[in-house]
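**Q** Provided below for reference: sequence and predicted model.
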Amino acid sequence: MSTEHITRSDVEHVAHLARLALTESEIQTLTGQLEGILEYAAQVSALDLADVPPTAHPLPLVNVFRADVPRPGVDREEVLAQAPSAENGRFRVPRILGEAP
Amino acid sequence: MAADSAAEIATAVRSGARSAREVTDGFLATIASGEEQIHAFNLVTAGAARARADEIDAMIADGRDPGPLAGVPIALKDNLCTRGVATTCSSRILSGWEPPYTATVVERVVAAGAVPVGKTNLDEFAMGSSTENSAFGPTRNPRDPSRVPGGSSGGSAAAVAAEFAPLALGSDTGGSIRQPAAFCGVVGVKPTYGAVSRSGLIAFASSLDQIGPFAASVTDAALLLDAIAGPDPLDSTSIRERWNPVAPVVDDGVDGLRVGVVTELLDGIDADVAARFHQAADVLRAAGAKVGDASVPAAIHGLAAYYLIAPAEASSNLARYDGVRYGLRADGVDVADMNAKTRDAGFGPEVKRRIMLGTYALSAGYYDAYYGQAQRVRTLVIRDFDTAYRDFDVLLTPTTPTTAFAFGDKTGDPLSMYLSDVCTIPTNLAGHPAMSVPFGTGADGLPVGVQILAPALGEQVMFRAARAVEQGAP
């Protein structure tokens, strides 16, 4: 498989998915750099691995159970004290939905 | 005084021959005189260190044993959470953050009597091979301040090399302990995945990350590894079997041990580094090991697979930095705008590059060609190691293709920086242990590292081989 050509609009699309408000110069730099890195990484795309199963994790993972016993968690006030903005025991954020019509 | 080993310090403190306070003051004085040049630390916790040392001395006075690391100063990579003490990952996005809990490894070294002296510099979020990606400026290599210390755990490696502390903790996702250990001329160990709890290690790539020791000697590294390894209920990926300590077997020798030289990883190695490497193989042979050629064919594709898998996992792990719960927030008209502006303002260029790369590799239409294929290569790497370990007890490679490079050498070309990890990455993909041991110097007079690899939970045999290499080092 040949490497995809990375366009400016690809970078803008991925930046949106990644929630990164990139500057104009960052978009330009990344457009070239991502293409170069992906060109190198594409060597794995070229391998015939249809019969090889994927590995997501080095250990054979098994579910870990523990007794369902309440125990203290981290302190709420201590956690909220680290937030950029908090109010009434909760994290405070800018509005989530658009303004009501 | 500062050159005393961790083992000697702990013995002296436990016996009452030296006080933990006097030892700690000595290392703090070395930090005070050398840190301005080296910049190993993001934060030196001198007051807390003195207070902790006094507690150790009080325990001794009470007839209690502070533990196997009694009074030994230790430097902590600044991606290990320390409750109430700033933890930055060398990123602006975590500026001002003080974790509400402490990493298991830090709890364990403190419980063993160690004295934390500070948080060490790293490439932002452990992404890099030189510490040049730190938001707080690079660390300099104590062996030659015009060179990088390696990375991402460059601050921890430099702290041990500069004798700021006899021990340090780092993390290794693709070589971030072993590569800086090689560049700074110290011992660095990446344990088996799951052997050491990751609880409180700020995540980069969760299927690859592992915490491990830095020390000036193989024996000291064994002492620290034994203090941090073993199951932890706070990390569901920690191996639940009891840890088999390595310190008791370090000096058991290598007579009859089968050592395989990984031929695929000798291409592209600088001639002076390769010469030292072959000399190290001769040392093992002279000590009684049977040294032969081993083949791990898929290792040559490891780097490409890693630079898809690690960014993919990172793009997911770093989604949590959204300006809501901790660290930096940039103003935005709504929450999505605030998220995106916070992340652009808070992350440095390499972190953004990897988030973009990982997001691309996971995005619709590219997932199978990039991330899926990389996961299949990961299977091949594991299979090839399994085959090699039928014939060999440990494998041997150079740790890095070159000695420490100069500042700015590779910052303009991300791919050339990534290539410095070519020998260390296959281990992380397989989840196996590996360690770097200093072995003489290259043509430029800078340290060379030799890497010893072992199968999962093969740390005992790995440390025996490492000790033999160390004893024969020029």
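**A** Looks like it arrived, so ask away. Residues are numbered from 1 along each chain as shown, chains lettered A, B, ... in the order given.
**Q** could you list the low-confidence segments of the stretch 251-400 of chain B?
**A** Low-confidence segments of the stretch 251-400 of chain B, defined by pLDDT under 70, are absent.
**Q** just the helices in it please.
**A** Counting by DSSP state H, counting those that start in this stretch, the segments of the stretch 251-400 of chain B that form helices are B:271-286, B:302-317, B:335-346, B:349-362, B:373-391.
**Q** could you dump the ones you listed into JSON lines and include distance to B:L94 and mean neighbour count?
**A** Bear in mind the C-beta positions are built from the backbone N, C-alpha and C, glycine included. Listed next are the helices of the stretch 251-400 of chain B as JSON lines, based on distance: least, CB to CB, whole Å; neighbours: other CB atoms under 10 Å in any protein chain shown:
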{"stretch": "helix B:271-286", "distance to B:L94": "36", "mean neighbour count": "18"}
{"stretch": "helix B:302-317", "distance to B:L94": "13", "mean neighbour count": "26"}
{"stretch": "helix B:335-346", "distance to B:L94": "8", "mean neighbour count": "20"}
{"stretch": "helix B:349-362", "distance to B:L94": "12", "mean neighbour count": "24"}
{"stretch": "helix B:373-391", "distance to B:L94": "28", "mean neighbour count": "20"}
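**Q** any chance of TSV for the ones you listed, columns distance to chain A?
**A** Converted to TSV, the helices of the stretch 251-400 of chain B look like this (distance: least, CB to the nearest CB, whole Å):
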stretch	distance to chain A
helix B:271-286	23
helix B:302-317	5
helix B:335-346	4
helix B:349-362	4
helix B:373-391	3
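**Q** now tabulate those helices in TSV and tack on distance to A:T29.
**A** Converted to TSV, these look like this (distance: least, CB to CB, whole Å):
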stretch	distance to A:T29
helix B:271-286	32
helix B:302-317	17
helix B:335-346	13
helix B:349-362	8
helix B:373-391	24
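**Q** name the residue of the stretch 301-450 of chain B that lies nearest to chain A.
**A** Checking the stretch 301-450 of chain B residue by residue against chain A with CB to the nearest CB singles out B:G431 as nearest, at 2.5 Å.
**Q** measure the residue nearest to A:G36 when sequence neighbours are not counted to B:I31 for me?
**A** The shortest distance from A:G36 to any residue that is not its chain neighbour, by CB to CB, 6 or more residues apart in numbering or on different chains, is 6.0 Å, and that residue is B:L415. As judged by CB to CB, to the nearest Å, B:L415 and B:I31 stand 36 Å apart.
**Q** of the two, which one has the most company?
**A** Relative neighbour count places B:I31 above the other of B:L415 and B:I31, with 26 against 15, counting by other CB atoms under 10 Å in any protein chain shown.
**Q** hmm, B:F41 and the more buried one touching each other?
**A** Yes: contact status for B:I31 versus B:F41: in contact at 7.4 Å, counting by CB atoms under 8 Å.
**Q** pretty sure B:Q375 contacts A:P58?
**A** No: with contacts defined as CB under 8 Å, B:Q375 does not count as touching A:P58, sitting 11.6 Å away.
**Q** residues contacting B:S146?
**A** Neighbouring residues of B:S146 by CB atoms under 8 Å, 6 or more residues apart in numbering or on different chains: B:140, B:406-407.
**Q** buried members of those into PyMOL, please.
**A** Selection command for PyMOL covering only the buried members of the contacts of B:S146, criterion 16 or more other CB atoms under 10 Å in any protein chain shown:
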select buried, chain B and resi 140+407
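**Q** secondary structure added to the contacts of B:S146, as JSON lines?
**A** As requested, the contacts of B:S146 are arranged in JSON lines below (DSSP: H, G, I helix; E, B strand; the rest coil):
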{"residue": "B:R140", "secondary structure": "coil"}
{"residue": "B:A406", "secondary structure": "strand"}
{"residue": "B:F407", "secondary structure": "coil"}
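**Q** quick check: closest non-adjacent residue to the residue of chain B most remote from its centre.
**A** Seen from the C-alpha centroid of chain B, the residue lying at the greatest distance (CA atoms, centre = their mean) is B:V333, 40.8 Å away. Computed as CB to CB, 6+ apart, the closest residue to B:V333 that is not its neighbour in sequence is A:P94, at 7.1 Å.
**Q** check that neighbour and give its pLDDT.
**A** The score at A:P94 is 92. That number is its pLDDT.
**Q** for it, what are its contacts?
**A** Taking CB under 8 Å, 6+ apart, we find A:P94 in contact with B:331-335, B:337-338.
**Q** what's the answer for B:S236, then?
**A** By CB under 8 Å, 6+ apart, the contact set of B:S236 is A:V64.
**Q** same deal with A:I6?
**A** A:I6 sits in contact with A:31, A:34-35, A:38, where contact means CB under 8 Å, 6+ apart.
**Q** so which of those residues comes closest to chain B?
**A** Of all these, the one with the least separation from chain B (CB to the nearest CB) is A:L34, at 6.2 Å.
**Q** what's the neighbour count on the closest one?
**A** Based on other CB under 10 Å, the number of other residues close to A:L34 is 21.
**Q** isn't A:G89 up against A:L80?
**A** Yes: when contacts are counted by CB under 8 Å, A:G89 is listed as touching A:L80 (6.9 Å).
**Q** who has more neighbours out of those two?
**A** When neighbours are counted by other CB under 10 Å, A:G89 and A:L80 differ, and A:L80 comes out ahead with 18 against 8.
**Q** and that one, what does it touch?
**A** By CB under 8 Å, 6+ apart, A:L80 lies in contact with A:86, A:89-91.
**Q** again, only using 7 Å
**A** Residues near A:L80 by CB atoms under 7 Å, 6 or more residues apart in numbering or on different chains: A:86, A:89.
**Q** tell me how far it lies from B:R325.
**A** The span separating A:L80 from B:R325 equals 9 Å under the rule CB to CB.
**Q** just A:S45 next, same as before
**A** Here the criterion is CB to CB. By it, A:S45 lies 37 Å from B:R325.
**Q** show me which of these two is the more surrounded one.
**A** With neighbours defined as other CB under 10 Å, A:S45 and B:R325 compare such that A:S45 has more, 21 against 17.
**Q** now do stretch B:332-350: everything it contacts.
**A** Applying CB under 7 Å, 6+ apart, the contact partners of stretch B:332-350 are A:19-22, A:93-96, B:91-93, B:123-124, B:127-128, B:133, B:135, B:321-323, B:327-331.
**Q** tell me which element the closest residue to B:V249 other than its chain neighbours is part of?
**A** What sits nearest to B:V249 in space, not counting adjacent residues and going by CB to CB, 6+ apart, is B:Q460, at 4.9 Å. B:Q460 is part of helix B:459-471, with elements assigned from DSSP states H and E.
**Q** now do the buried residues in that helix.
**A** Residues of helix B:459-471 classed as buried by neighbour count (16+ other CB under 10 Å): B:459-470.
**Q** what angle separates that helix from helix B:271-286?
**A** Between helix B:459-471 and helix B:271-286, the angle formed by their directions is 110 degrees, by axes from the mean of the first three to the mean of the last three CA atoms, to 10 degrees.
**Q** for residue 60, give me its contacts.
**A** I went with chain A, as the question did not name one. A:P60 neighbours (CB under 7 Å, 6+ apart): none.
**Q** actually it's chain B I care about, not the one you picked
**A** By CB under 7 Å, 6+ apart, B:I60 lies in contact with B:13, B:16, B:66.
**Q** what about it, distance to chain A?
**A** Distance from B:I60 to chain A, counting by CB to the nearest CB, to the nearest Å: 32 Å.
**Q** secondary structure class for that residue?
**A** For B:I60, the secondary structure call by three-state DSSP comes out as helix.
**Q** show the pLDDT at it.
**A** The model reports B:I60 with a pLDDT of 97.
**Q** and the residue nearest the centre of the chain?
**A** No chain was given, so I picked chain A. The residue at the geometric middle of chain A, judged as the C-alpha nearest the mean C-alpha position with CA atoms, centre = their mean, is A:A18 (6.0 Å).
**Q** not quite, go with chain B.
**A** Relative to the centre of chain B - CA atoms, centre = their mean - the closest residue is B:I177, sitting 2.3 Å away.
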